[in-house]
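Q: give me the fold of what follows.
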Amino acid sequence: MITTTTAPTTTTTEAATAVSGDETRASELTAALAALPEGHPDRPALRARVIEAWLPLAHHLAFRYSGRGEPNGDLAQTAALGLIKAVDRFDASRGVDFAGFAIPTILGEIKRHFRDRTWNIRVPRRLQELRLRISEANGTLTQTLNRAPTVADIATHLGITEEEVLEGLEGARAYNAVSLSTPIGDGDSATELGDTLGAEDGEYELAELRVALGPALATLDEREQKILTLRFYGNLTQSEIAAQVGVSQMHVSRLLARALVKLRGQLESSH
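A: You can find the predicted model right below:
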């Protein structure tokens with residue numbers, strides 16, 4: 001079952017009704033700004049009035065995303081930035097009313113804010129955008145199918161493979177991170193999440209060494225093997241080894257050093 005968070009949907013009519021005061025007046029100001037030629041001395045002041053008149057719309061859209069881990073103040077500022085872009089880019093000659101143009105622009109700015117600023121672990125932008133597409137598809141399909149969509153449903157809807165959907169869902173886990181200082185348990189038995197993480201286990205390396213040691217020892221001649229066995233398994237001194245092997249203690253020292261060099265070389269080459 002896919003449980004990604006869906007983005008809120010906002011129609012032009014619904015959002016436009018959120019504009020406080022006289023919406024007609026806001027539209028009139030926008031039309032007046034559009035009629036002024038570039039460079040007209042009245043444009044800066046009129047532009048500021050237009051932005052102020054439509055700010056309630058921007059705030060309404062911003063607060064639809066409230067409770068998702070971002071401060072409302074940051075959301076309001078982001079929406080205001082989108083509104084300013086909409087005011088500066090609006091072209092009345094295209095026959096689209098300002099609210100219909102501004103709402104997608106503001107929502108796009110808010111979504112970019114979530115995409116670029118709120119990921120606790122940085123992931124490639126491709127995965128960030130894929131997560132947003134999957135989230136939107138999840139909301140759409142939930143309504144049309146009257147059930148939670150499967151990975152296959154989302155893949156078909158987006159025209160991508162199921163592996164890409166799974167990759168996007170896996171990348172979404174980086175959106176929220178949990179501190180290693182997070183308490184686990186209650187009362188006196190409480191501990192921190194970081195305390196439950198495993199440490200490096202030297203026994204694994206030792207096990208690998210034991211596996212490689214047998215073949216490495218087999219490359220030594222019989223006398224070298226015997227000297228190493230007496231020294232490191234029998235814990236005999238070089239003098240005691242010399243008495244058993246029938247050579248001088250100095251010769252045992254040379255044989256032991258040579259055997260260790262050969263053994264080390266074999267172990268290093270096996271890794």
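
Q: who are the contact partners of Ala242?
A: Ala242 sits next to 248-249, 251-252 when contact means C-beta atoms under 8 Å, 6 or more residues apart in numbering. (Each C-beta comes from the backbone N, C-alpha and C, glycine too.)

Q: that one in helix, strand or coil?
A: In three-state terms, and counting by DSSP: H, G, I helix; E, B strand; the rest coil, Ala242 is helix.

Q: looking at neighbours, which among the contacts of Ala242 is most surrounded?
A: In terms of neighbours by other C-beta atoms under 10 Å, the contacts of Ala242 top out with Val252 at 24 neighbours.

Q: that one sits in which helix or strand?
A: Using DSSP states H and E, Val252 falls within helix 249-269.

Q: avg pLDDT for that helix?
A: For helix 249-269, mean pLDDT is 86.

Q: same thing with stretch 142-155?
A: 87.

Q: again, but for stretch 52-70
A: Averaged across stretch 52-70, pLDDT comes to 84.

Q: so Leu220: helix, strand or coil?
A: Leu220 falls in the coil class when you classify it by three-state DSSP.

Q: that one against Lys226, yeah?
A: No - between Leu220 and Lys226 there is no contact under C-beta atoms under 8 Å: 9.4 Å.

Q: mind listing what's buried in the host helix or strand of Ile106?
A: Assessed by DSSP H and E, Ile106 sits inside helix 98-117. For helix 98-117, burial by neighbour count (16 or more other C-beta atoms under 10 Å) applies to 98-99, 101-103, 105-107, 109-114.

Q: which of those residues sit farthest apart?
A: Phe98 and Phe114 (24.6 Å; C-beta to C-beta).

Q: for the closest residue to His157 other than its chain neighbours, give its distance to Leu81.
A: Distances taken as C-beta to C-beta, 6 or more residues apart in numbering place Ala137 nearest to His157, at 4.9 Å, with adjacent residues excluded. The spacing between Ala137 and Leu81, counted by C-beta to C-beta, to the nearest Å, is 27 Å.

Q: more neighbours, the two?
A: The neighbour comparison of Ala137 against Leu81 (other C-beta under 10 Å) goes to Ala137, with 23 against 17.

Q: need the contact list for the more buried one.
A: Going by C-beta under 8 Å, 6+ apart, Ala137 touches 149, 154, 157-158.

Q: closest one to Arg231 out of those residues, please.
A: Lowest distance from Arg231 to the contacts of Ala137 (C-beta to C-beta) belongs to Ile154, with 65.9 Å.

Q: what count of nearby residues applies to that closest one?
A: 25.

Q: helix/strand/coil for Leu169?
A: Following three-state DSSP, Leu169 is assigned to helix.

Q: neighbours of the residue nearest to it when sequence neighbours are not counted, how many?
A: In this structure, Leu169 finds its nearest non-sequential neighbour in Ile134, 6.6 Å apart by C-beta to C-beta, 6+ apart. Residues within reach of Ile134, counting by other C-beta under 10 Å, total 28.

Q: with just CA atoms, put the helix or strand containing Ile134 into PDB.
A: Under the criterion of DSSP H and E, Ile134 resides in helix 125-145. Taking Å, rounded to 0.1, in the frame of the first residue of the first chain, the C-alpha atoms of helix 125-145 are listed here in PDB:
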ATOM      1  CA  ARG A 125      17.000  16.500  -7.600                       C
ATOM      2  CA  ARG A 126      15.700  13.900  -9.900                       C
ATOM      3  CA  LEU A 127      14.500  11.800  -6.900                       C
ATOM      4  CA  GLN A 128      13.100  14.800  -5.200                       C
ATOM      5  CA  GLU A 129      11.000  15.600  -8.300                       C
ATOM      6  CA  LEU A 130      10.000  12.000  -8.700                       C
ATOM      7  CA  ARG A 131       8.800  11.900  -5.100                       C
ATOM      8  CA  LEU A 132       6.500  14.900  -5.800                       C
ATOM      9  CA  ARG A 133       5.100  13.200  -8.900                       C
ATOM     10  CA  ILE A 134       4.500  10.000  -7.000                       C
ATOM     11  CA  SER A 135       2.800  12.000  -4.200                       C
ATOM     12  CA  GLU A 136       0.500  13.800  -6.600                       C
ATOM     13  CA  ALA A 137      -0.300  10.500  -8.500                       C
ATOM     14  CA  ASN A 138      -1.100   8.800  -5.300                       C
ATOM     15  CA  GLY A 139      -3.700  11.500  -4.400                       C
ATOM     16  CA  THR A 140      -5.200  11.400  -7.900                       C
ATOM     17  CA  LEU A 141      -5.400   7.600  -8.100                       C
ATOM     18  CA  THR A 142      -6.800   7.300  -4.600                       C
ATOM     19  CA  GLN A 143      -9.800   9.400  -5.600                       C
ATOM     20  CA  THR A 144     -10.300   7.700  -9.000                       C
ATOM     21  CA  LEU A 145      -9.800   4.100  -7.800                       C
END
